[in-house]
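Undergrad: got a sequence here, can you build the structure:
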Amino acid sequence: MIGIYTFVFIFSCIILLWSGGLLVKGLTRMARFLKWKEFVVAFFVMAFAGSMPNLFIGLNSAFHKIPELSFGDVVGGNVIDLTLAVALVVLITKVSIPAKSQLIQSSSIFTIIIALLPIVLILDGTLGRGDGILLISAFIFYLFWLFSKKERFSKVYEEEKDTIIGFKLFIKDLATVAFALILLLGAAEGIVRSVSFFAQNWNLSLPLIGILIVGVGNALPEIYFAVITAKKGKTGMILGNLMGSIMVPATLVLGIVAIICPIEITNFSPFAIARFFLIISALFFFFAVRSDRKITKKEAMFLLGIYIAFVFFELLIQ
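TA: You can find the predicted model right below:
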């Protein structure tokens, strides 16, 4: 039985990662055909498509009455996006990430507030339906602000200028997106069921599994997209992508999960470490963006160090 669930978990994680990348690729190609603006691609493809694994994990965990797995996934994913994701983009591409635009500067404030909002709301031990409505309201407020200025829609997204995307290829990409969503749903179900089995039989903490394992898997699609974007020279989109990938799970996903099944945390020890490192990484990210107006290699190394320390201390308390 253990062997079966181990296989299901590993296979589901692989499918989750692969289908997440498939979803992003399909949508970015569709964006060229539809002549979407670059900003819309950055926000919708990564903030929404990149958050689909979080949403499916959240919905499945809520329906299985273990919503704390979703909370751990989102908190862990936010730490990863603020540290490991940014660090890998800079270190792999050897390019500093610019943060000069007013959109990035302003969004960084929203990012820090929203990233910390769920761990503030759950200080009483419960993220209830009222908290869920508040989180969704915060998302709607940010959405209205985000789309308030027309200049953000001035530049059309172009992936490869020499490649023409025809209607047949567009239909193929549309089918790919639908297929990827079905795979995500199945993979999420496999992960939730196997994780629930491990937690019950091996006395493991569901939040810790969500923070360290599921969170990493769900963060990989946006890391992949950020690296590919950087290699193509579209560095201006990177921070917007990652910040959107932080805000959507922390508000919309957790809000929906909390409304379906309120999240109750009885053991705060995994979240004590995660909360501390989330605050540290969020503050450092904020000051790096606001002061130098770019993320350099030196800052990337420091962010990587924060993530390594985060994993070490989480495993230490287990």
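Undergrad: worst-scoring helix or strand of the protein, pLDDT-wise?
TA: Taking mean pLDDT, DSSP states H and E as the measure, the chain has helix 38-40 as its least confident helix or strand, at a mean of 63.
Undergrad: give the buried residues for whichever helix or strand comes after it.
TA: Once the chain leaves helix 38-40, the next helix or strand it forms, by DSSP states H and E, is helix 52-63. Going by neighbour count (16 or more other CB atoms under 10 Å), the buried part of helix 52-63 is 52-62. Glycine gets a C-beta too; all of them are placed from N, C-alpha and C.
Undergrad: quick one: average pLDDT of helix 52-63?
TA: Averaging pLDDT along helix 52-63 yields 87.
Undergrad: same question for stretch 279-296.
TA: Mean predicted confidence for stretch 279-296 is 80.
Undergrad: can you list contacts of it?
TA: With CB atoms under 8 Å, 6 or more residues apart in numbering as the test, stretch 279-296 has contacts from 79, 82-83, 86, 90, 96-100, 104-105, 108-109, 111-112, 115-116, 239, 299, 302-303, 306-307, 310.
Undergrad: which one's the longest helix in the protein?
TA: helix 167-201 (DSSP state H).
Undergrad: and that helix, what's buried?
TA: Buried residues in helix 167-201, defined by neighbour count with 16+ other CB under 10 Å: 170, 173, 176-177, 180-181, 183-185, 187-192, 194-199.
Undergrad: so how far is residue 172 from the closest residue to residue 166 other than its chain neighbours?
TA: Leaving out its chain neighbours, the residue that sits closest to residue 166 by CB to CB, 6 or more residues apart in numbering is residue 33, at 7.8 Å. Distance of residue 33 to residue 172, given as CB to CB, to the nearest Å: 11 Å.
Undergrad: okay, the buried residues of helix 52-63 in TSV with distance to residue 212 next?
TA: What follows is the buried residues of helix 52-63, written out as TSV (distance: CB to CB, whole Å):
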residue	distance to residue 212
52	21
53	16
54	15
55	20
56	19
57	14
58	17
59	21
60	19
61	16
62	21
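Undergrad: just give the closest residue to residue 65, not the sequence neighbours.
TA: Using CB to CB, 6+ apart, the closest residue to residue 65 is residue 261 (6.0 Å).
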